[in-house]
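> sharing a model that was predicted from the sequence below.
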Amino acid sequence: MGKPTAGNGLMLSDCSTGPLNGKSLHRNPALLTVHPGKDDSVPLDRDLRLDLCRGLALWCVFLDHIPKNVFSWLTLRHYGFSDATEVFMFVSGVTCALSYSSVRRRDGWATVLAHTLLRSWEIYAAFLILTIALAIVAYSSGSNRLADEANVKILLQEPGAALAHAAILMYRPVNTDVLPTFVLFHLSFAPALWGISKFPGASLLISAFLYALVQLYGWNLPQWPVNLWYFNPFAWQLLVVLGAWWAIRGYRMFGRKIASWPVVALAIAYLGFGLVITLSWQIEPLAAAVPSYIARLIYPIDKPDLDPLRLLHFLAIAVVVARFVPPNWRGLARGGLRGAIRCGERSLETYCAAVVLSLLASLYLIEVSDSIAAQFLTSAAGIAALVLFATCLAWIGKRSRQHPKLL
């Protein structure tokens with residue numbers, strides 16, 4: 001019986017013009033907020049739940065990236081077909097549509113293009129810096145096992161070839177795969193946003209058609225030295241486009257319908273199905289209870305090409321969250337969740353920090369102890385470090401805006 005491969009990490013490209021810092025929340029139960037009377041071309045307001053989802057997904061990324069970490073059972077991937085990757089991709093489309101639509105109304109499409117190109121460059125630079133940082137950690141540790149696990153052994157052995165291929169996004173250490181995908185997404189986001197703004201239905205259909213072609217023909221891009229891109233941009237673009245379409249037009253058309261009880265009941269039923277199937281990968285008696293015809297129908301569940309079962313599972317999660325976590329939920333202001341929101345507001349930097357911290361945690365578990373206590377220590381300390389890091393970045397950003405630039 002086939003099983004999907006383990007997740008390989010992700011990152012959401014944060015396009016927001018600034019953190020929300022507790023701005024007023026709205027009471028519409030839909031996934032994002034509807035303002036009756038606004039022009040249809042104006043996207044919805046920003047929603048704190050977006051940053052919360054990103055922050056929690058970043059914590060999941062960190063826990064999942066520590067090999068054999070028992071506390072990864074706190075994350076999504078053990079309880080359904082999708083994981084934090086889908087969350088990041090969809091929320092990225094939403095936040096980018098919100099931010100860049102605001103830029104477009106204020107400064108025009110040329111400025112939107114400039115912003116998307118700049119963000120693409122920032123992600124590209126972060127990817128190269130992260131690649132070098134992981135190589136430094138692995139080299140300094142003197143651990144061949146760690147170098148193998150981080151996929152930087154070839155970088156240490158053939159630095160010229162590896163760096164050259166990293167520069168053209170064909171080589172990447174482990175857990176950095178999503179960054180090159182987001183580089184491409186931002187390069188193409190301005191024309192995509194134009195299409196969604198002018199022809200929302202047609203743009204979504206084109207995106208879905210490209211996704212369908214990937215499922216039929218397996219289109220992908222080559223990776224060096226072997227294999228293909230782990231996050232196939234031709235497939236995963238659908239979630240980004242879907243998020244942007246939802247922010248621009250979809251929430252007005254379907255916002256209340258997706259929160260209706262028949263849709264919610266269907267979503268919960270599918271989540272239950274995903275839970276049973278996923279747990280069957282770990283519980284032998286449960287695996288034996290899964291009918292063979294269902295196994296033949298659903299396997300393999302492919303992550304690189306965003307298997308339809310994964311896509312549907314994420315959409316079911318989104319429906320349930322939209323129904324049961326309203327925008328005015330008081331929990332959004334609580335201490336622990338505020339930490340997650342802070343991480344979500346600084347998603348690029350926090351993601352890069354999470355990748356490095358997960359490698360350091362792996363080194364500790366390899367060289368010192370891999371006991372449950374050690375796994376708890378590294379997991380808790382890592383999440384605390386991410387919150388502290390994101391908080392410091394927010395403080396630095398706030399202080400830097402209070403002083404003129406020197407150059």
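Received the coordinates, thanks. Numbers count the residues shown, from 1 in each chain.

> flag the shaky bits of the stretch 1-150 of the chain, pLDDT-wise.
1-46 (pLDDT under 70).

> equivalent analysis for the stretch 301-407 of the chain, please.
Short version for the stretch 301-407 of the chain, where the test is pLDDT under 70: 333, 402-407.

> can you do 90?
Along the stretch 301-407 of the chain, the model assigns pLDDT under 90 to residues 322, 324-338, 397-407.

> can you pull out the helices in it?
308-324, 335-345, 347-367, 372-400 (DSSP state H, counting those that start in this stretch).

> so which of these comes closest to Ile136?
Ranking those by proximity to Ile136 (C-beta to C-beta) places helix 347-367 first, at 9.6 Å. C-beta coordinates here come from the backbone N, C-alpha and C atoms, glycine included.

> still on that earlier bit, out of the helices of the stretch 301-407 of the chain, which is closest to Tyr270?
Among the helices of the stretch 301-407 of the chain, helix 308-324 sits nearest to Tyr270 (C-beta to C-beta), with 4.6 Å.

> just checking, what packs against the closest one?
helix 84-107, helix 233-245, helix 261-280 (3 or more C-beta pairs under 8 Å, 6 or more residues apart in numbering; DSSP states H and E).

> mind redoing it with 7 Å?
helix 84-107, helix 261-280 (3 or more C-beta pairs under 7 Å, 6 or more residues apart in numbering; DSSP states H and E).

> export those as JSON lines, with columns for mean neighbour count and distance to Thr75.
Output for the helices and strands packed on helix 308-324, formatted as JSON lines (neighbours: other C-beta atoms under 10 Å; distance: least, C-beta to C-beta, whole Å):
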{"stretch": "helix 84-107", "mean neighbour count": "24", "distance to Thr75": "7"}
{"stretch": "helix 261-280", "mean neighbour count": "16", "distance to Thr75": "12"}
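
> circling back: nearest to Arg296, out of the helices of the stretch 301-407 of the chain?
The nearest among those, by C-beta to C-beta, is helix 308-324 at 13.6 Å.

> ok so Trp219 is a strand residue?
No. Secondary structure of Trp219 (DSSP: H, G, I helix; E, B strand; the rest coil): coil, not part of a strand.

> tell me the pLDDT of it.
Note on Trp219: pLDDT of 96.

> may I see the helices and strands packed on helix 308-324 arranged in TSV, with distance to Pro173 as well?
Formatted as TSV, the helices and strands packed on helix 308-324 follow (distance: least, C-beta to C-beta, whole Å):
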stretch	distance to Pro173
helix 84-107	17
helix 261-280	28
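
> and Ile129, which of these is closest to it?
Closest approach to Ile129 among the helices and strands packed on helix 308-324 (C-beta to C-beta): helix 84-107, 19.7 Å.

> return the set of buried residues in the next helix or strand after that closest one.
As assigned by DSSP states H and E, the chain's next helix or strand after helix 84-107 is helix 109-141. Residues 112-113, 115-116, 119-120, 123-124, 126-127, 130-135, 137-138, 141 are the ones in helix 109-141 that count as buried (16 or more other C-beta atoms under 10 Å).

> which non-adjacent residue is nearest Ser379?
Phe71 (4.4 Å; C-beta to C-beta, 6 or more residues apart in numbering).

> surely that neighbour and Asp64 touch.
No. Taking contacts as C-beta atoms under 7 Å, Phe71 lies outside contact range of Asp64: 9.7 Å.

> those two: which has the busier surroundings?
Using other C-beta atoms under 10 Å as the criterion, Phe71 and Asp64 rank with Asp64 on top: 27 against 18.

> and the more buried one, how far from Phe127?
Distance, Asp64 to Phe127, by C-beta to C-beta, to the nearest Å: 19 Å.

> check Asp370 too.
For Asp370, the distance to Phe127 - C-beta to C-beta - is 30 Å.

> what number of residues lie near Arg296?
10.

> ok so it is a strand residue?
No. Arg296 sits outside any strand when classified using three-state DSSP, being helix.

> can you read off the pLDDT for it?
92.

> surely Leu363 meets Leu146?
Yes. Leu363 is within contact range of Leu146, at 5.5 Å (criterion: C-beta under 7 Å).

> ok, the most centrally placed residue in the chain to Val240 distance?
By C-alpha atoms, centre = their mean, the chain has its centre lying nearest to Phe88, at 2.3 Å. Relative to Val240, Phe88 is positioned 10 Å away (C-beta to C-beta).

> could you do His186 as well?
On the measure of C-beta to C-beta, His186 and Val240 end up 10 Å apart.

> who has more neighbours, those two?
More crowded of His186 and Val240, by other C-beta under 10 Å: Val240, with 29 against 25.

> check contacts around the more buried one.
89, 92-93, 185 (C-beta atoms under 7 Å, 6 or more residues apart in numbering).

> for Leu228, what are phi and psi?
The phi/psi pair for Leu228 (degrees, to the nearest 10) reads phi -120, psi 170.

> Trp219 is in contact with that one, correct?
No. At 9.6 Å, Leu228 and Trp219 do not qualify as touching, with contact defined as C-beta under 7 Å.

> can you verify Pro173 is assigned to a helix?
No. Read with three-state DSSP, Pro173 is coil and lies in no helix.

> quick one: neighbours of it, just the number.
Other residues near Pro173 number 26, with proximity taken as other C-beta under 10 Å.

> phi, psi for it please.
phi -60, psi 170.

> I figured it was touching Ile132, is that so?
No. Pro173 is beyond contact range of Ile132, at 9.6 Å (criterion: C-beta under 7 Å).

> mind exporting the C-alpha coordinates of stretch 254-266 to PDB?
C-alpha atoms of stretch 254-266 as PDB (Å, rounded to 0.1, in the frame of the first residue of the first chain):
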ATOM      1  CA  PHE A 254     -19.400  32.400  -1.800                       C
ATOM      2  CA  GLY A 255     -18.400  33.800   1.600                       C
ATOM      3  CA  ARG A 256     -21.600  33.000   3.300                       C
ATOM      4  CA  LYS A 257     -22.300  29.800   1.400                       C
ATOM      5  CA  ILE A 258     -19.100  28.100   2.500                       C
ATOM      6  CA  ALA A 259     -20.000  28.700   6.200                       C
ATOM      7  CA  SER A 260     -23.400  27.100   5.700                       C
ATOM      8  CA  TRP A 261     -24.100  23.900   7.700                       C
ATOM      9  CA  PRO A 262     -24.400  21.500   4.800                       C
ATOM     10  CA  VAL A 263     -21.000  22.600   3.500                       C
ATOM     11  CA  VAL A 264     -19.500  22.400   7.000                       C
ATOM     12  CA  ALA A 265     -21.000  18.900   7.500                       C
ATOM     13  CA  LEU A 266     -19.500  17.700   4.200                       C
END
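
> perfect, I'm done here.
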